[in-house]
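Novice: Pasting the sequence and the predicted model now:
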Amino acid sequence: MILPALLILSQLDVINGVKPVFPFSPMTSSKGNAYTKYEKYPPYCSTPGEMEKRAIPPLQENSNGVSSQLIHVTTIIRHGARTPYASAPKYQCWNGYWEDEETGIWNCDLKTYVSPPAATKEQVVDSEGLLEEEPDFLFEKRYDALTMSPGKTGNHLNGTCQLGQLLQRGYDQELQNGFHLRQAYVYDGNTAEEYASSDSRMRLWDLTNESDGGRKTSTPKIGDPTKQIYQEPNLRYRADDEQRTLMSGQVLLRGLFEQELLSSGDNKTAIIRLHTADYALDVLVPDEKKCPKTLQMKHEAYNSDEYKYWIDNSMEVKMVKTFVKEEMGLDEVPSSMLDCLMTTICTDRSLPDSLNDYDGSLGPTPWDDFLQSSSTSTEGVESGDDVTDMFERIANFAIKNYTFHYKYNDAAFAKQGMGPLWKEIMANILPIVDSANNPSSGTPLPKLALFSGHDTTLMPLLATLGDKVWSGTDWPPYASMIQIEIHEITNLNEGSDFPSGYAFRLVYNGAVLTERIDGCAADSELCDSQVLVNQVMIFAKYEERDCEAASVVPPYEKYEDGLAKEMKAASEELVAAPGGVWVVVVFAMFCILLGGMLTFFSMKRQMLKTHGYRQNSLALGGFSMTDMEDDERRFQSEDSPVTESGETPQQTKFDENTLI
């Protein structure tokens with residue numbers, strides 16, 4: 001099992017079995033995390049300076065005299081900086097990317113420690129009847145077994161890194177997130193005045209006071225003061241089963257609870273429970289395979305007139321496509337291009353000279369920027385004259401092209417795809433804010449619910465909250481963080497702005513976004529909880545959601561991949577050529593005849609084989625080699641259906657969930 005409390009050893013040495021001392025300081029930084037190669041870095045990189053800006057702001061004073069007390073927080077994070085999510089040939093960047101040692105070989109110093117199950121004599125049963133085990137020793141996990149030559153391995157990224165592995169910089173980013181959460185929600189008597197938890201209304205945990213934090217009521221029960229603050233039910237930690245999300249959440253919890261983890265005693269292991277699921281079945285990102293209707297909605301977006309107009313008439317699109325073809329030698333902008341740009345610049349690797357022009361002057365461009373009428377000349381654009389800021393232009397195009405379906409048609413795709421996750425999130429909130437209709441099961445609810453996911457978790461979640469909450473052109477940087485705070489109104493009066501008796505505050509990367517939600521007042525950071533309930537509970541569904549697709553329409557041709565477009569063009573040319581129709585007819589008849597002959601001989605051979613080996617099959621209990629092959633194919637067809645490219649979803653996971 002992986003021990004979250006011990007995984008923080010990944011930066012430290014264990015000497016002679018002595019438990020190391022962990023530094024507790026927001027300024028703690030690892031070696032090599034300098035960000036010195038470039039004058040400026042995109043916000044996507046989440047440099048130390050950017051991370052410091054994302055502190056959770058204090059709660060503003062309410063002008064109408066409302067008193068409140070924070071009682072629950074749901075936090076959803078994106079993992080920290082990572083390696084590329086795929087390898088060649090799927091992961092296309094620019095000519096020479098994989099041949100250059102600087103970009104083509106990824107070595108990682110960040111290690112994972114795992115512990116074997118403890119001996120029987122050390123197993124104990126906790127108060128909930130769950131078996132807990134004290135570790136005997138740790139294993140250090142390294143990806144260096146396939147060493148081919150000095151400094152190079154046979155792994156996907158040609159070094160000691162996994163695909164999509166959390167990097168040291170990502171570790172530091174999530175550690176800072178943990179510090180932000182502690183400064184905002186944990187009061188230990190030494191919290192500086194500039195931090196949110198210096199205000200008693202914002203203290204999720206007041207370590208100087210054993211009371212229930214000033215709650216007006218004691219029902220439903222939230223947390224358990226008799227347990228450590230990092231134990232359930234005080235904390236619920238949830239992540240999908242990817243290395244970068246698992247470790248990101250664990251490192252964040254180190255920053256949040258480090259002092260309490262260290263005080264657990266030299267002979268006692270602090271255990272934090274982690275909830276996860278099979279990656280292929282999990283709900284932290286929209287699943288287009290398990291819910292075909294989601295895929296249908298995606299295709300509807302890319303077949304829409306709105307998308308076609310943008311892709312056909314935007315000068316920005318024309319400029320990018322011309323540049324990519326003439327300067328980079330690529331027929332199309334690969335789906336991996338945004339990731340190529342960001343993983344390169346954010347890790348201080350070298351960009352091609354033609355792309356080494358990032359200065360931050362352009363920023364995200366609106367959807368209607370660079371649009372033109374059909375009569376406007378584009379000769380200058382198409383010739384590539386006076387082209388500047390190509391790093392940002394390509395990044396902006398890639399973001400818009402990828403995220404278009406998230407907001408299309410009132411975020412229909414996002415609502416359908418994120419319904420299961422919203423249901424899981426609201427399971428911790430509804431019994432608090434709407435206990436009459438959603439009574440608690442009796443089990444205390446968590447004070448803090450942490451969800452560790454991806455950029456493709458945060459973007460559709462924000463999209464579901466209303467058109468003004470998220471622009472659709474801002475990609476969540478590494479280690480981005482959303483907070484949904486639940487506040488109890490402690491002086492509820494008739495005619496109050498909070499008739500439900502509870503309010504919520506929405507925070508994203510240190511900015512309060514509550515007022516952007518329809519139904520929330522512009523002059524208040526808090527909004528009645530019923531607004532949130534009404535907004536999300538319409539689509540917060542899992543098993544009960546309708547996933548049946550009426551039809552799956554192929555996407556607009558400019559959204560198709562290059563191979564599909566080439567095949568389509570070749571077919572059209574053949575049919576248009578003189579006698580082309582007859583060529584197609586003759587070829588089709590030949591294929592039918594050949595297929596029939598092959599089927600006949602295959603069936604005849606199979607019948608002979610079955611009769612000839614009947615006795616051996618019975619002797620093996622009917623489990624012949626033929627049966628094993630059939631079972632393998634059946635397994636693939638049921639759990640890993642083969643895609644149009646001939647690959648299973650396990651093989652194409654990074655393509656389907658690009659950039660996560």
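Specialist: Great, that's in hand.
Novice: List the pairing partners of the longest strand along the chain within its sheet, with orientation.
Specialist: The single longest strand within the chain, with elements called by DSSP state E, is strand 68-78. Here strand 68-78 is paired, per DSSP bridges, with strand 448-453 (parallel), strand 481-489 (antiparallel).
Novice: can you put the ones you listed in CSV and add mean neighbour count, mean pLDDT and distance to Met597?
Specialist: Backbone N, C-alpha and C define where each C-beta goes, glycine included. What follows is the strands paired with strand 68-78, written out as CSV (neighbours: other C-beta atoms under 10 Å; pLDDT from 0 to 100; distance: least, C-beta to C-beta, whole Å):
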stretch, mean neighbour count, mean pLDDT, distance to Met597
strand 448-453, 24, 98, 52
strand 481-489, 24, 97, 61
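Novice: May I see those organised as CSV, with distance to Gly178 added?
Specialist: CSV is the format used below for the strands paired with strand 68-78 (distance: least, C-beta to C-beta, whole Å):
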stretch, distance to Gly178
strand 448-453, 10
strand 481-489, 10
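Novice: Out of those, flag the one nearest Ala411.
Specialist: Closest approach to Ala411 among these (C-beta to C-beta): strand 481-489, 15.8 Å.
Novice: gap between that closest one and the chain center?
Specialist: 21 Å (C-alpha atoms, centre = their mean, to the nearest Å).
Novice: ok, then the element right after the longest strand of the chain?
Specialist: Note on strand 68-78: by DSSP states H and E, the next helix or strand toward the C-terminus is helix 101-104.
Novice: and the following helix or strand past that next one, average pLDDT?
Specialist: Sequence order places strand 112-114 as the next helix or strand after helix 101-104, per DSSP H and E. Strand 112-114 shows a mean pLDDT of 81.
Novice: Please apply the same query to stretch 409-419.
Specialist: The model assigns stretch 409-419 a mean pLDDT of 97.
Novice: Then stretch 425-439?
Specialist: The pLDDT scores in stretch 425-439 average 90.
Novice: Tell me the spatial nearest neighbour of Gly417, not counting adjacent residues.
Specialist: Pro286 (2.6 Å; C-beta to C-beta, 6 or more residues apart in numbering).
Novice: tell me the contacts of that neighbour?
Specialist: By C-beta atoms under 8 Å, 6 or more residues apart in numbering, the contact list for Pro286 reads Thr294, Phe413, Ala414, Gln416, Gly417, Met418, Thr456, Pro460.
Novice: Go again with 10 Å.
Specialist: 294-295, 297-298, 405-406, 413-421, 456-457, 459-460, 657 (C-beta atoms under 10 Å, 6 or more residues apart in numbering).
Novice: Over to Leu492?
Specialist: Val66, Ser67, Lys216, Phe498, Pro499, Ser500, Gly501, Tyr502.
Novice: Mind doing that once more with 8 Å?
Specialist: Phe498, Gly501.
Novice: which residues of this protein score low on pLDDT?
Specialist: Residue ranges of the chain with pLDDT under 70: 1-33, 63, 117-136, 211-219, 264-267, 370-386, 495, 551-581, 601-660.
Novice: Which residue lies nearest the spatial centre of it?
Specialist: A centroid search over the chain (C-alpha atoms, centre = their mean) returns His454, at 1.1 Å, as the residue closest to the centre.
Novice: Identify, by residue count, the longest helix of this structure.
Specialist: Ranked by residue count and defined by DSSP state H, the top helix of the chain is helix 390-426.
Novice: which helices and strands does it pack with?
Specialist: When contacts are defined as 3 or more C-beta pairs under 8 Å, 6 or more residues apart in numbering; DSSP states H and E, helix 390-426 sits against helix 292-302, helix 305-313, helix 315-328, helix 337-345, strand 448-453, helix 455-463, helix 529-536.
Novice: Quick one: closest of the ones you listed to Glu242.
Specialist: For Glu242, the closest of the helices and strands packed on helix 390-426 is strand 448-453, at 9.0 Å, according to C-beta to C-beta.
Novice: Show me what Gln483 bridges to in the sheet.
Specialist: On the basis of DSSP bridges, Gln483 is bridged to Thr75, Val507.
Novice: is it true that it touches Gly510?
Specialist: No: counting by C-beta atoms under 8 Å, Gly510 is not a contact partner of Gln483; they are 9.5 Å apart.
Novice: Find the residues that touch each one of these two.
Specialist: Taking C-beta under 8 Å, 6+ apart as the criterion, Gln483 and Gly510 both touch Ile56.
Novice: ok, the residue nearest to the centre of the chain to Ala239 distance?
Specialist: For His454, the distance to Ala239 equals 10 Å [C-beta to C-beta, to the nearest Å].
Novice: Need the overlap of contacts for these two.
Specialist: Thr245, Leu284.
Novice: Now for Met589, how many residues are close by?
Specialist: For Met589, the count of nearby residues is 10 (other C-beta atoms under 10 Å).
Novice: That one sits in which helix or strand?
Specialist: Secondary structure from DSSP H and E places Met589 in helix 580-612.
Novice: What count of nearby residues applies to Trp470?
Specialist: 25.
Novice: what's near enough to touch Leu532?
Specialist: Applying C-beta under 8 Å, 6+ apart to Leu532 gives the contacts Ile429, Val433, Ile484, Phe504, Ile517.
Novice: and which of the residues you listed is nearest to Asn190?
Specialist: Of all those, Ile484 has the smallest distance to Asn190: 27.4 Å, by C-beta to C-beta.
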